[in-house]
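Kindly generate the corresponding structure for this input.
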Amino acid sequence: SSGINAEYGEEQRIHAFALLAERKRRMREAEESGRRQVEERRRMEEDEIWRQMVSCHQGTMETYLEDIITRSVSRTADEQARSEIHDKAEKINDIAYDMESKRDRLQSENMVAELVYSFLLPEVEKETLRENVKREQRRHILAAHSVIHGQASSIEKDGASGSSSEK
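Residues are numbered from 1 along each chain as shown. Below is the predicted model of the structure:
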């Protein structure tokens with residue numbers, strides 16, 4: 001009987017060790033699961049930070065490239081305009097010198113008057129056009145103001161009459 005009790009006690013001890021080992025294993029698994037969740041959350045946060053940083057850099061890069069292209073186009077347009085103006089001025093000078101050598105004083109004065117007229121008239125026409133556009137804009141703005149104020153005053157009247165009818 002003492003041998004059976006010893007075996008039974010040994011079995012209980014082995015069973016207790018097995019339960020203890022199982023408990024430790026479950027605790028380790030739970031700790032690992034928690035660490036994995038924390039790691040996964042941290043990885044997701046880092047991925048989001050990375051996405052936002054890339055997005056920011058991409059926007060900055062696009063703006064930077066747009067600025068470079070805009071400046072380049074503007075500079076090229078300025079250079080081309082200056083070149084064209086210079087070429088036209090040289091042609092006008094050549095024509096003027098050629099005509100000057102063949103004309104007398106009255107003809108020269110007429111030519112100068114025509115040149116002044118051809119330069120000033122387009123500017124006068126532009127200024128007249130600008131004034132017409134401003135006048136039309138003012139007319140439309142005044143019309144819009146009157147419509148807005150008319151609606152506002154009718155709403156105020158409706159509100160006033162609505163509040164008086166409620167009394």
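
residue ranges with poor pLDDT in the protein?
Segments of the chain classed as low confidence (criterion: pLDDT under 70) are 1, 99-100, 103, 120-121, 152, 155-156, 159-167.

Nearest residue to the middle of it?
The chain has residue 63 as the residue nearest its centroid, 8.4 Å off, counting by C-alpha atoms, centre = their mean.

separation between that residue and residue 37?
Using C-beta to C-beta, to the nearest Å, we find residue 63 at a distance of 39 Å from residue 37. C-beta: built from backbone N, CA, C; applies to glycine.

Identify the single longest helix in this protein, thanks.
helix 2-102 (DSSP state H).

on contacts alone, who are the packing partners of that one?
Applying 3 or more C-beta pairs under 8 Å, 6 or more residues apart in numbering; DSSP states H and E, one finds that helix 2-102 makes contact with helix 105-166.

ok and the helix it packs on relative to helix 2-102, angle-wise?
Note on geometry: by axes from the mean of the first three to the mean of the last three C-alpha atoms, to 10 degrees, helix 105-166 and helix 2-102 are set 140 degrees apart in direction.

by contact count, what packs against helix 105-166?
For helix 105-166, the packing partners by 3+ C-beta pairs under 8 Å, 6+ apart are helix 2-102.

Let's see that with 6 Å instead.
Secondary structure elements in contact with helix 105-166, counted by 3 or more C-beta pairs under 6 Å, 6 or more residues apart in numbering; DSSP states H and E, are absent; no helix or strand qualifies.

and stretch 58-65, how far from the chain's centre?
10 Å (C-alpha atoms, centre = their mean, to the nearest Å).

Please apply the same query to stretch 61-72.
The chain centre lies 13 Å from the centre of stretch 61-72; the measure is C-alpha atoms, centre = their mean.
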